[in-house]
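1. Quick check, what structure comes out for this input:
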Amino acid sequence: MLFTTVGTPWLSVGEQGDVQAGRATVTLTKAGLRNLTIRTAAGATVSGHIVAALGSAQPDLSAMRIRAVPIDGGIDILGSAPVRWDGSFQLKNVFGRSRLQLTGPIDHLWVRSMYVEGRDVTDSGLTVRPGQQIHDVTVELGDPAAALEGTVSNAAGQPVEQAVVLCCPAKRSLWPGLLHRYMRVTRTTSDGRYSIVGLPPEIYLIVAIHDIDVNYPRLKARAYGSTEVD
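-> All right, here's what the predicted structure looks like:
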């Protein structure tokens, strides 16, 4: 089976559970390009445990999943892997540089740290080699998580319903990779209120988008600012 990832220089060949991938960066001219060979290799396997920080409430770990979110043009084929009741997990087909992310009922928690063989990779991400086996990954969850609540109003001071509210870190160094622990997206309620939970302490940029003209790529932002969550 052939997979292609639009916008990233990766090509993967294989069935789910036995995926190989390879990539090549080329310069294409009017003359075209022929006889390009891309050599594929098996992805890495990453396994470890998820633990709750000392003094934190023990969550239902079996309801969570873990995934490797690509950084710098990586590839994500299988999506995610389940977390077992004891917090152990095994994530296959990981390629290049990725950031590990938890999904599931963890709104009241936040990812405090991630260590691989004693190295802190919480924000920097994990770089793997083809076929590599990594067994010593520890993900620590913190409790409670910081919450951010407020309202979105228009120029007349009226609440805006169903506005999109985006929360992302003010530091650009924390931007690489989508959907990580510093980023949340939600919508306002009928009275213009929004609530974002599960954020680590940091300085954040909050953007509220009132409406989007689908026929013209222009966003009408009704609220824009930064705040510090501690």
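2. Could you say which helix or strand holds the closest residue to Ala170 other than its chain neighbours?
-> Leaving aside its chain neighbours, Ala170 sits nearest to Ile203 (4.4 Å; criterion: Cβ to Cβ, 6 or more residues apart in numbering). (Glycine included, C-beta is placed from N, CA and C.) In this assignment (DSSP states H and E), Ile203 forms part of strand 202-213.
3. As CSV, could you dump the C-alpha coordinates of that strand?
-> Taking C-alpha atoms only, strand 202-213 is exported to CSV below (Å, rounded to 0.1, in the frame of the first residue of the first chain):
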residue,chain,number,x,y,z
GLU,A,202,3.5,29.6,30.5
ILE,A,203,2.9,32.9,28.7
TYR,A,204,0.2,32.4,26.1
LEU,A,205,-1.2,34.3,23.1
ILE,A,206,-5.0,34.2,22.9
VAL,A,207,-6.7,34.8,19.6
ALA,A,208,-10.5,35.0,19.1
ILE,A,209,-11.9,34.8,15.6
HIS,A,210,-15.5,36.1,15.2
ASP,A,211,-16.1,35.0,11.7
ILE,A,212,-14.4,33.7,8.6
ASP,A,213,-15.2,34.7,5.0
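4. centre of the chain versus that strand, how much separation?
-> 18 Å (Cα atoms, centre = their mean, to the nearest Å).
5. Give the rounded mean pLDDT of that strand.
-> Averaging pLDDT along strand 202-213 yields 79.
6. That strand packs against which elements?
-> With contacts defined as 3 or more Cβ pairs under 8 Å, 6 or more residues apart in numbering; DSSP states H and E, strand 202-213 has these neighbours: strand 146-151, strand 164-169, strand 218-229.
7. Poorly predicted segments of this structure, please.
-> Counting by pLDDT under 70, the ranges of the chain that qualify are 1-18, 53-58, 72-79, 106-109, 143-145, 176-180, 211-230.
8. Domain map for it?
-> 42-142, 146-229 (automatic domain parsing).
9. Return the residues in contact with Val51.
-> Gly87, Thr138, Val139, Glu140, Leu141 (Cβ atoms under 8 Å, 6 or more residues apart in numbering).
10. quick one: the first one and Ile50 touch, right?
-> Yes. With the criterion set as Cβ atoms under 8 Å, Gly87 and Ile50 qualify as a contacting pair; they are 4.2 Å apart.
11. Mutual contacts of those two, please.
-> The contact lists of Gly87 and Ile50 share Leu61, where a contact means Cβ under 8 Å, 6+ apart.
12. More neighbours: the two, which one.
-> Between Gly87 and Ile50, counting by other Cβ atoms under 10 Å, Ile50 is the more crowded of the two (24 against 19).
13. What residues of the helix or strand that one falls within count as buried?
-> Using DSSP H and E, Ile50 maps to strand 44-52. If you call a residue buried by 16 or more other Cβ atoms under 10 Å, then strand 44-52 has these buried ones: Ala44, Thr45, Val46, Ser47, Gly48, His49, Ile50, Ala52.
14. burial count for Leu61?
-> Quick note: Leu61 (other Cβ under 10 Å) scores 22 neighbours.
15. List phi and psi for it.
-> Phi and psi for Leu61, reported as degrees, to the nearest 10, are phi -70, psi -30.
16. can you give me the end-to-end distance of stretch 31-46?
-> 42 Å (Cα to Cα, to the nearest Å).
17. Need the residues that contact that stretch.
-> So stretch 31-46 is in contact with 11-14, 18-24, 26, 68, 77, 90-95, 100, 126, 128-134, 137, going by Cβ under 8 Å, 6+ apart.
18. residues in contact with Leu100?
-> So Leu100 contacts Val46, Ile66, Arg67, Ala68, Val69, Leu91, Met114, Val121, Leu126, Val137, Val139 (Cβ under 8 Å, 6+ apart).
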